[in-house]
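> Prediction below, plus the sequence it came from.
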Protein chains: 2
Amino acid sequence: MARWQEGAAGRLQGAALRLYAERGYEQTTVAEIASEVGLTARTFFRYFADKREVLFAGSAQLRDGMAAAVAGAPATAGPMAAVSAGLEASLAFLGGDHAHSSARHSVITANAELRERELIKMASLAEAMAEALCRRGVPAADASLAAEAGTVVFRVAFEQWVTGPPDASLPDLMHATLARLTEVTAPR
Amino acid sequence: MARWQEGAAGRLQGAALRLYAERGYEQTTVAEIASEVGLTARTFFRYFADKREVLFAGSAQLRDGMAAAVAGAPATAGPMAAVSAGLEASLAFLGGDHAHSSARHSVITANAELRERELIKMASLAEAMAEALCRRGVPAADASLAAEAGTVVFRVAFEQWVTGPPDASLPDLMHATLARLTEVTAPR
DNA sequence: TCCGTGATGTCACTTAATGACATCACTGAC
DNA sequence: GTCAGTGATGTCATTAAGTGACATCACGGA
């Protein structure tokens, strides 16, 4: 028997998502989340930088995984093809638990502060991929554009997935959305 | 002589930008900003919803102007052409005061909270343009993609402008960036 | 003259967030 | 076996954001 229950971070994440969903983000205090799992607010802030961050653990791994995939794409691949490899890599991190992703998405879209945090996480994905593209020799401006375009595809496809039927294929949505982007931005 | 000095909101904006630039955003309290112009913190919060918002007044007009331009584009224009009209409209709101835009940009990029707020304003631009596109009969997914792609161009071009020489042309940068996007996303 | 209006101030309060210090079960060295 | 060290947690105090309730007070009109 351990001195403390194990997995404090995970328990805090679970309690936070549940309470945010039940009462709303603003109506939930950090003290409530913590006491829900037998901890104090002070401990919450040792695991998560702020009240929002508890919903975004693991986003650094997602970012690093996507950046690595961009870096590891075949040398012959153009910027968008490399970004596409990054999107492919994201599927391993998400796409697993539709119910959880969907609940989390509902909570986040219901609150402006949480949407802000999600947007900056997306921006950090774009930044990491852009940097990986630069290392591949892509000019900075093109790298930013390609990486940002990639996150647009990511966002649109992911949103369709979480708001759609649980048995839809995230990979298929991602591919289709990427195809639509090239169609829409095509010069005429 | 008026009972109060006029233009409280504008004075608060000026003091906030100056203090954020001088000491940093986190090292500046709302009480300091307010007392700087002879007001109290309570009054600050009557003009601005929170400490960040003081740097983003006028973004609603920008959004509405861009959405109106998208809506008013020629009926023959495709989604990206309509979005391009929206970008064109943004030039009237910005591009005027390079020094001010540059200072504001420095303050915002130096702080994560402010970047978050800027990102959600960008997202609201995209949402408004996407809705205008939907009204033009563009399918929802295509509308989101085109509008988001437009804000990517906007962001990249604007960032180049504020970080570049004061006499550079924002319209030229915007056009060139849009051209690069179509190039980068072109299928091969 | 008096009343309503509107911008501001004052006060009290909640909560997020952080630093300093205490606690206390476990671990390993002696 | 004892004892010092470690690490996760708790306690306490404090700053500052943000909000509601109510007071103030010059101005403009009836």
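Here it is on my side, so go on.

> residues in contact with the residue nearest in space to the middle of chain A?
Central residue of chain A (Cα atoms, centre = their mean): A:Ser59, 5.5 Å from the mean position. Neighbour list for A:Ser59: A:121, A:124 [criterion: Cβ atoms under 8 Å, 6 or more residues apart in numbering or on different chains]. Heads up, the C-betas are built off the backbone N, CA and C, glycines and all.

> 7 Å instead, please
A:Lys121 (Cβ atoms under 7 Å, 6 or more residues apart in numbering or on different chains).

> Those residues of chain A touching DNA strand D, which are they?
A:3-4, A:8, A:34, A:38-40, A:42-43, A:46-47 (Cβ under 7 Å from any atom of the strand).

> A:Ser35 is in what secondary structure piece?
Element membership of A:Ser35 [criterion: DSSP states H and E] is helix A:30-36.

> And A:His98, how far from B:Thr76?
41 Å (Cβ to Cβ, to the nearest Å).

> May I have stretch A:152-171 exported as CSV, CA atoms only?
Extracted in CSV, the C-alpha atoms of stretch A:152-171 (Å, rounded to 0.1, in the frame of the first residue of the first chain):
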residue,chain,number,x,y,z
VAL,A,152,-6.4,23.8,-40.7
VAL,A,153,-7.0,20.4,-42.2
PHE,A,154,-6.3,18.7,-38.9
ARG,A,155,-8.8,21.0,-37.1
VAL,A,156,-11.6,20.7,-39.6
ALA,A,157,-11.3,16.9,-40.0
PHE,A,158,-11.0,16.3,-36.2
GLU,A,159,-14.1,18.5,-35.6
GLN,A,160,-16.1,16.5,-38.1
TRP,A,161,-14.9,13.3,-36.5
VAL,A,162,-15.8,14.1,-32.9
THR,A,163,-19.2,15.7,-33.9
GLY,A,164,-20.0,12.8,-36.2
PRO,A,165,-20.9,9.1,-35.7
PRO,A,166,-18.5,7.1,-33.5
ASP,A,167,-17.7,4.6,-36.2
ALA,A,168,-16.5,7.2,-38.8
SER,A,169,-12.9,6.9,-39.9
LEU,A,170,-10.6,9.7,-38.8
PRO,A,171,-8.0,8.8,-41.3
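
> Please identify the buried residues of it?
Across stretch A:152-171, burial judged by 16 or more other Cβ atoms under 10 Å in any protein chain shown covers A:152-162, A:170.

> Show me what counts as buried in the host helix or strand of A:Val184.
A:Val184 is part of helix A:170-185, with elements assigned from DSSP H and E. For helix A:170-185, a neighbour-count test (16+ other Cβ under 10 Å) marks A:170, A:173-175, A:177-178, A:180-182, A:184-185 as buried.

> Looking at those, which is nearest DNA strand D?
If you rank the buried residues of helix A:170-185 by distance to DNA strand D using Cβ to the nearest atom of the strand, A:Leu170 comes first, at 33.8 Å.

> any idea which helix or strand carries the residue nearest to the closest one when sequence neighbours are not counted?
Closest residue in space to A:Leu170, ignoring its immediate chain neighbours: A:Gly95 at 4.1 Å, by Cβ to Cβ, 6 or more residues apart in numbering or on different chains. Under DSSP H and E, no helix or strand contains A:Gly95.

> count of neighbours near A:Gly95?
Each residue near A:Gly95 was counted by other Cβ atoms under 10 Å in any protein chain shown, and the total is 16.

> how much space between the residue nearest to A:Phe44 when sequence neighbours are not counted and A:Asn111?
What sits nearest to A:Phe44 in space, not counting adjacent residues and going by Cβ to Cβ, 6+ apart, is A:Ala34, at 4.6 Å. From A:Ala34 across to A:Asn111, the span is 20 Å (Cβ to Cβ).

> re earlier: mind putting the buried residues of helix A:170-185 into a markdown table with distance to A:Ser106?
As requested, the buried residues of helix A:170-185 are exported to a markdown table (distance: Cβ to Cβ, whole Å):
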| residue | distance to A:Ser106 |
| --- | --- |
| A:Leu170 | 17 |
| A:Leu173 | 18 |
| A:Met174 | 21 |
| A:His175 | 25 |
| A:Thr177 | 21 |
| A:Leu178 | 25 |
| A:Arg180 | 25 |
| A:Leu181 | 26 |
| A:Thr182 | 31 |
| A:Val184 | 28 |
| A:Thr185 | 30 |
